[in-house]
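K.L.:
no sequence for this one, just the structure:
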C-alpha cells in the first residue's frame, strides 16, 4: 500500500497542512508521495508580468514576481527542514517544476483580442470555444466539410484576430492532441495564436496567460534533488509528463498501469536510475 498525500502551503509562517489522505495503513505516518501546487507565482505573472526589455531567453523579473518566487522558495525550505527533522530527506526524491509556462514574456508583444472574434470569423455553427492564448473550438456538427470550412474561415481572418496557424480534424490527432472523433473532450480545431495575443476582454488588465502552443507556454524548468544524485545539468529535451513515470519508478510502483505512459512510450527523466 502506498500513502498518497496531497498537501498545500499557505505561507512560510504557517504550519504545513495535510488536506487529503488515503490508501495507507498508517494515516498518521509520513507519505510515500507528496505533491503541492504553488499558484502564487502564476498569479504574480498574470498580475504584473515581466519588465520591458524582457525576452524569452532573458526575462527581466518584475519585483512582485521575484517576491512570489521568494515565498515559494521559503515554503520549499520549510518542507526540506521538516523532512530533515523527520529523517526522510536523504531517502526522498524532490522534483520541482512548472506545470506550464506563461505568455508573453516580452510585454511589448501583448495584445488583447475579444474571444467573440473567433465566433464571428465563421458561419459554421460552433458548440464551444475555449480561449486564452489559444483557441480550442468544438463544432456543433463536426463533419469533414464543416471542419474544413471553419479552418478556411479562421485562416482567412488570420492576423486580424490573432491567428498564427490552425490544426483541424485529422491534424489534431496527428499532432498528438487526441482524436476528436473518439473523445468528445478533444477539440475539433486548435488555433495557435500570434505570440503575445490573449483572447480576453480588451479592457483586461492581466499581463500573461497560459494554455497555448508557443515557446513561452511550453518551455519550463525541472529541478531534481536527492543527496545521492551528483550535481549536473542535463540538456536533453524532457517533458513534464515524465514526472509521473519518474515518481512511480522511484516508489517501485507499477508504471505499466499508467495508460497514457504506455501509449506514449513515456520514460523516466534521465540521470536518475
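P.N.:
Noted; the coordinates are in hand. Since the model is a prediction, treat every value here as computed from it, not as a measurement. Numbering: from 1, shown residues only.

K.L.:
from here on, contacts and neighbour counts on C-alpha atoms
P.N.:
Fine.

K.L.:
For the residue nearest the centre of the chain, which three-state class applies?
P.N.:
Residue closest to the mean C-alpha point of the chain, counted by CA atoms, centre = their mean, is residue 100 at 2.7 Å. Three-state call for residue 100 (DSSP: H, G, I helix; E, B strand; the rest coil): coil.

K.L.:
That one contacts residue 215, doesn't it?
P.N.:
No: Residue 100 is not in contact with residue 215 according to CA atoms under 8 Å; the separation is 10.5 Å.

K.L.:
about what we covered before: wait, what's in contact with the residue nearest to the centre of the chain?
P.N.:
When contacts are counted by CA atoms under 8 Å, 6 or more residues apart in numbering, residue 100 touches 210, 211, 217, 218, 219, 220.

K.L.:
So which of those sit within helices?
P.N.:
217, 218 (DSSP state H).

K.L.:
Check the contacts of residue 100 for burial and list the buried ones.
P.N.:
Listed as buried from these are 210, 211, 217, 218, 220; burial here means 16 or more other CA atoms under 10 Å.

K.L.:
what two of those are the furthest from one another?
P.N.:
Using CA to CA, the pair of those lying farthest apart is 211 and 220, separated by 13.1 Å.

K.L.:
sorry, back to before: just the contacts of residue 100 now: which is nearest residue 106?
P.N.:
Of all these, residue 106 sits closest to residue 217, with 12.5 Å by CA to CA.

K.L.:
and the gap between the closest one and residue 42?
P.N.:
Between residue 217 and residue 42 the computed distance is 12 Å (CA to CA, to the nearest Å).

K.L.:
Summarise which helices and strands the strand or helix carrying residue 79 is packed against.
P.N.:
Secondary structure assignment for residue 79, by DSSP states H and E: helix 63-86. In terms of contacts (3 or more CA pairs under 8 Å, 6 or more residues apart in numbering; DSSP states H and E), helix 63-86 is packed against helix 40-48.

K.L.:
Check which residues of the helix it packs on are buried.
P.N.:
Those would be 41, 42, 43, 44, 45, 46, 47, 48, for helix 40-48 by 16+ other CA under 10 Å.

K.L.:
gap between the last one and residue 69?
P.N.:
Which is residue 48. From residue 48 to residue 69 the distance is 13 Å (CA to CA).
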